[in-house]
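Trainee: take a look and give me a structure for this.
(one chain, ligands or ions: 1)
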Amino acid sequence: MTKEKVLDALKTVYHTGNEKDIVSAGIVQDLTIEKYYISFSLIVDTNDADLRLKLKSEAIKAIKEQVNKDAIIKVAFQNKPVADTVYEQEQNAPLSGVKKVIAVISGKGGVGKSTVSANLALALAESGAKVGLMDADIYGPSVPIMFGVRGERPLMKDVNGKGVIVPLERFGIRLLSIGLLVDESKAVVWRGPMASSAIRQFVTDVDWGNLDYLIVDMPPGTGDIHLTLLQMIKVSGVVIVSTPQDVALADAKKGIAMFGQAQLNARILGLVENMSYFTPAELPDNKYYIFGKKGAQKLAEQYELPFLGEIPLVQSIREGGDIGIPVMVSDDEVSKKAFRDLASEVESRA
Ligand SMILES: Nc1ncnc2c1ncn2[C@@H]1O[C@H](COP(=O)(O)OP(=O)(O)OP(=O)(O)O)[C@@H](O)[C@H]1O
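Mentor: Here you go, the predicted model:
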């Protein structure tokens, strides 16, 4: 299976009301082929579920008939971005084209902060928002692998005599990570000031353009990078990720304490519990609370913070992250619903 063959097949498909085929009309974006998986986005100007379904089935049918009948095809929809939004960051301030910055934090590593950041970004973009994802985890960047862009390098462009970085774009999300700029093994040994200076450049020297949301995947814990970012940009809201275990919850309390400080000028939107329960793919209605039940919900109540939802522990979430096709771009409707619910909580509170 090659990109050319898949694009040729897609050139036989037309979106209602368009004279050009969906490839020539620029409707097909982010085509990725990974073993027998094919994934791409369709950029459309309609929320009509029937029209979307028709387009999706015709695209899948064309590929199965003309390229490979056994291909596993994942299609994500994105709305055409709406221009001329009013932006909240001050004019000429760093990120002046960004309406809302959402920082995703966790008290400790490995609780799924990057998984939540990536899929939250994709879920927000589904309803037409223009979204960027800044991987501020200098010591453990996840974006290159999770979005399948490892080894790719962003381009530079000249703005008023100054070279600025243009984020990569995948599945409609603008992406930047230290892993896309330097060899990952180099950044791991950087000391605090160097890491802080790199993160400062992520704000000042990157052409993020106009965005409705910039999701910032923060490093785990609380440290210099958090302070640097909070001092530089106006963060509209902080999402805290925790797992149900006591130890992760104890660490989440440190995050609440740090971001709860009034002088940091960041509002905590609430807590999301990741890996809340295990759901086997073949029994999606069965929920097994293997790490204990409703821990984060109780913690949220204790601190009088909103509880933003539960994300199940699902094999396809892990697999999606590993193969560079996040679960929001897959057919796993159970996981997608959990992230969509989280996105609507964030949308309504940010
Ligand atoms: N809900 C989930 N179901 C299944 N696997 C998950 C889930 N959430 C995260 N994972 C997996 O757990 C591992 C850790 O997740 P992730 O990298 O997102 O955590 P993190 O908190 O960002 O870690 P770090 O602090 O190291 O950056 C990954 O392999 C990821 O695919």
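Trainee: right, and residue 2 touches residue 31 too?
Mentor: No: counting by CB atoms under 8 Å, residue 2 stays clear of residue 31, with 10.5 Å between them. Placement of C-beta: from N, CA and C, glycine included.
Trainee: more neighbours: the two, which one.
Mentor: residue 31 (14 against 9; other CB atoms under 10 Å).
Trainee: how far away is the more buried one from the ligand?
Mentor: Using CB to the nearest ligand atom, to the nearest Å, residue 31 is found at 23 Å from the ligand.
Trainee: list the contacts for that residue?
Mentor: By CB atoms under 8 Å, 6 or more residues apart in numbering, residue 31 lies in contact with 3, 6, 7, 38, 39, 40.
Trainee: please report how far it lies from residue 249.
Mentor: 41 Å (CB to CB, to the nearest Å).
Trainee: which ones are touching residue 205?
Mentor: Contacts of residue 205 by CB under 8 Å, 6+ apart are 162, 163, 164, 165.
Trainee: helix, strand or coil: sort out the second one for me.
Mentor: Yep, that's residue 163 we're talking about. Classification of residue 163 using DSSP: H, G, I helix; E, B strand; the rest coil returns strand.
Trainee: quick one: the closest residue to it other than its chain neighbours and residue 211, what's the gap?
Mentor: Counting by CB to CB, 6 or more residues apart in numbering, residue 163 lies nearest to residue 156, which is 4.8 Å off, once chain neighbours are set aside. Computed as CB to CB, the residue 156 to residue 211 distance reads 19 Å.
Trainee: can you show me the strands along the stretch 251-350 of the chain?
Mentor: 268-278, 307-313 (DSSP state E, counting those that start in this stretch).
Trainee: tell me the neighbouring strands of the shortest one, and mark each as parallel or antiparallel.
Mentor: Using DSSP bridges, the neighbouring strands of strand 307-313 in the sheet come out as strand 268-278 (parallel).
Trainee: ok, the one residue in the stretch 151-300 of the chain that gets nearest to the ligand - how many residues close by?
Mentor: For the stretch 151-300 of the chain and the ligand, the shortest gap (CB to the nearest ligand atom) falls at residue 220, measuring 3.9 Å. Close neighbours of residue 220, defined as other CB under 10 Å, add up to 20.
Trainee: quick check: mean pLDDT across stretch 123-135?
Mentor: Over the span of stretch 123-135, the pLDDT mean works out to 94.
Trainee: so what pLDDT did residue 83 get?
Mentor: Model confidence at residue 83 (pLDDT) stands at 44.
Trainee: hmm, I was thinking of residue 89
Mentor: Residue 89 is given a pLDDT of 54.
Trainee: what does the helix or strand containing the residue nearest to residue 163 contact?
Mentor: In the assignment (DSSP states H and E), residue 156 maps to strand 155-159. Applying CB under 8 Å, 6+ apart, the contact partners of strand 155-159 are 163, 164, 165, 166, 207.
Trainee: ok, stretch 248-260 next?
Mentor: Contacts of stretch 248-260 (CB under 8 Å, 6+ apart): 103, 105-108, 111, 221-222, 226, 238, 240, 242-243, 264, 266, 268, 271, 295-296, 299, 303, 305.
Trainee: stretch 189-198 now?
Mentor: Applying CB under 8 Å, 6+ apart, the set of residues contacting stretch 189-198 is 138, 139, 178, 187, 223, 224, 225, 228.
Trainee: chain center to that stretch: distance?
Mentor: When C-alpha coordinates are averaged (CA atoms, centre = their mean, to the nearest Å), stretch 189-198 and its chain have centres 24 Å apart.
Trainee: let the chain start at 45 from now.
Mentor: Let's use 45 as the start, then, which means that last one is stretch 233-242.
Trainee: near residue 123, how many residues? Count them for me, please.
Mentor: Neighbours around residue 123, by other CB under 10 Å: 17.
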